[in-house]
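J.: Mind looking at a prediction? Sequence and model below.
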Amino acid sequence: MITTSTSIPDLNHSNQQAENLSGESFNDLDLMFYESIKPQMDLLNKNPEDETISRILAYSRSL
């Protein structure tokens with residue numbers, strides 16, 4: 001049988017990090033994250049034509 005264990009300091013590590021972040025720095029982190037993924041998210045933005053939407057709706061109604 002294999003026995004594994006986690007030391008006590010490691011258990012509280014994530015909680016300590018969360019407590020060290022102030023609300024302001026957390027918002028800055030959010031903004032930095034958003035700015036880093038914005039170009040990739042913009043690539044996903046699609047503007048379909050009305051005809052395409054009509055075809056999709058017509059297909060979904062036919063099911």
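T.: Sure, I can see it.

J.: What's the local residue count around residue 63?
T.: 4 (other CB atoms under 10 Å). Using the backbone N, CA and C atoms, a C-beta is placed for each residue, glycine as well.

J.: can you give me the helices for this structure?
T.: 8-11, 13-20, 23-44, 50-62 (DSSP state H).

J.: Let's see the longest one as CSV, backbone CA atoms only.
T.: It stands for helix 23-44. Provided in CSV are the C-alpha atoms of helix 23-44 (Å, rounded to 0.1, in the frame of the first residue of the first chain):
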residue,chain,number,x,y,z
GLY,A,23,-9.3,44.2,-3.9
GLU,A,24,-7.5,46.8,-5.9
SER,A,25,-4.7,44.5,-7.1
PHE,A,26,-7.2,41.8,-7.8
ASN,A,27,-9.0,44.2,-10.2
ASP,A,28,-5.7,45.1,-11.8
LEU,A,29,-5.1,41.4,-12.3
ASP,A,30,-8.5,41.0,-13.9
LEU,A,31,-7.8,43.9,-16.2
MET,A,32,-4.4,42.5,-17.2
PHE,A,33,-5.9,39.1,-17.9
TYR,A,34,-8.7,40.6,-20.0
GLU,A,35,-6.2,42.7,-22.0
SER,A,36,-4.1,39.6,-22.6
ILE,A,37,-7.0,37.5,-24.0
LYS,A,38,-8.9,40.3,-25.8
PRO,A,39,-7.2,39.9,-29.2
GLN,A,40,-8.1,36.1,-29.2
MET,A,41,-11.6,36.8,-28.1
ASP,A,42,-12.0,39.5,-30.8
LEU,A,43,-11.2,36.8,-33.4
LEU,A,44,-14.2,34.8,-32.2
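
J.: now for it, which elements pack on it?
T.: Of the remaining helices and strands, none touches helix 23-44 by 3 or more CB pairs under 8 Å, 6 or more residues apart in numbering; DSSP states H and E.

J.: Count residues in the vicinity of residue 53, would you?
T.: Counted with other CB under 10 Å, residue 53 comes out at 10.

J.: pLDDT wise, what is it at?
T.: If you check residue 53, the pLDDT there is 92.
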